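**Student:** Quick one: sequence and predicted model below, then my questions.
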Amino acid sequence: MAAYPGISFVVEDGGGYVDSNSYVSLADANTYWTQHGGPNWTAITDTTLQQYHLIQATQSIDILYGQEYYSIPLSQGTSTPQVPYLQGLLYPRFVQVINNIQVLQSRYIPVQLKAAVCEVAMMSLNGQDIFPQPNQIKFAINKQVKVGGISTSISFGRQVDAERYPGFWKIDKLLYPLLRKNKTPSYLSM
């Protein structure tokens, strides 16, 4: 495989760096797949290709789920008047409360997020679309009632409890603790 010139690989470790583009280092991804049995991951030896998949997986997670993360980006750090500071990724966040009791400190990249990035990187490596359209599956019920010579037909539907994006069921479950469950703001979800 050819290398990807010009792609720098900068891992976000909680510092809120302006140029970070992955939540997971190559070493952490190798450890994750060694522990979770990712046969195709270790078969790829081109470091740049692995880094490309980790960068794309991080971008996919932030684009698809980022609007629902608890808290707000940390966005603080070294800046100058000429170059205002803005972190490159949506994590790290300010202090968060997840699962109604677990406190995540600021400058922390949650293990759930890292696991989701590893899973999406594997999906990318296997050729799966990691920027899919949302599922539009609905459960429809048609009911017909006939009384004598009069009949009526009623159709109604509701959203099915399905994965948000095709093939992302595991990602939905991994990220569940990090996502707001409703749109009502509170000091815990800011």
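**Tutor:** Ah, there it is.

**Student:** what about residue 173, helix or strand, and which?
**Tutor:** For residue 173, the element it lies in under DSSP states H and E is helix 169-175.

**Student:** same check, this time on residue 55
**Tutor:** Counting by DSSP H and E, residue 55 is found in helix 47-65.

**Student:** tell me the average confidence for that helix?
**Tutor:** The pLDDT scores in helix 47-65 average 89.

**Student:** Whichever helix or strand comes after it: how far from the chain's middle?
**Tutor:** Sequence-wise, the next helix or strand downstream of helix 47-65 (DSSP H and E) is strand 96-98. The chain centroid and the centroid of strand 96-98 are separated by 17 Å under CA atoms, centre = their mean, to the nearest Å.

**Student:** Would you mind measuring from the residue most central in space within the chain to residue 123?
**Tutor:** For the chain, the residue sitting closest to the mean C-alpha position, by CA atoms, centre = their mean, is residue 61 at 2.7 Å. Taking CB to CB, to the nearest Å as the measure, residue 61 falls 11 Å from residue 123. Placement of C-beta: from N, CA and C, glycine included.

**Student:** Using CSV, list the CA coordinates for stretch 26-46.
**Tutor:** Extracted C-alpha coordinates of stretch 26-46, given in CSV (Å, rounded to 0.1, in the frame of the first residue of the first chain):
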residue,chain,number,x,y,z
LEU,A,26,-1.9,3.2,16.9
ALA,A,27,-0.5,1.4,20.0
ASP,A,28,-3.9,1.6,21.7
ALA,A,29,-5.7,0.4,18.6
ASN,A,30,-3.3,-2.6,18.4
THR,A,31,-3.9,-3.4,22.0
TYR,A,32,-7.7,-3.1,21.6
TRP,A,33,-7.8,-5.5,18.7
THR,A,34,-5.4,-7.9,20.3
GLN,A,35,-7.7,-8.1,23.3
HIS,A,36,-10.9,-8.2,21.2
GLY,A,37,-9.7,-10.5,18.4
GLY,A,38,-9.6,-8.3,15.3
PRO,A,39,-8.1,-10.6,12.7
ASN,A,40,-7.9,-8.1,9.9
TRP,A,41,-6.4,-5.3,11.9
THR,A,42,-3.0,-6.9,12.5
ALA,A,43,-2.8,-8.1,8.9
ILE,A,44,-2.4,-4.5,7.8
THR,A,45,1.2,-3.5,8.3
ASP,A,46,1.2,-0.1,6.7
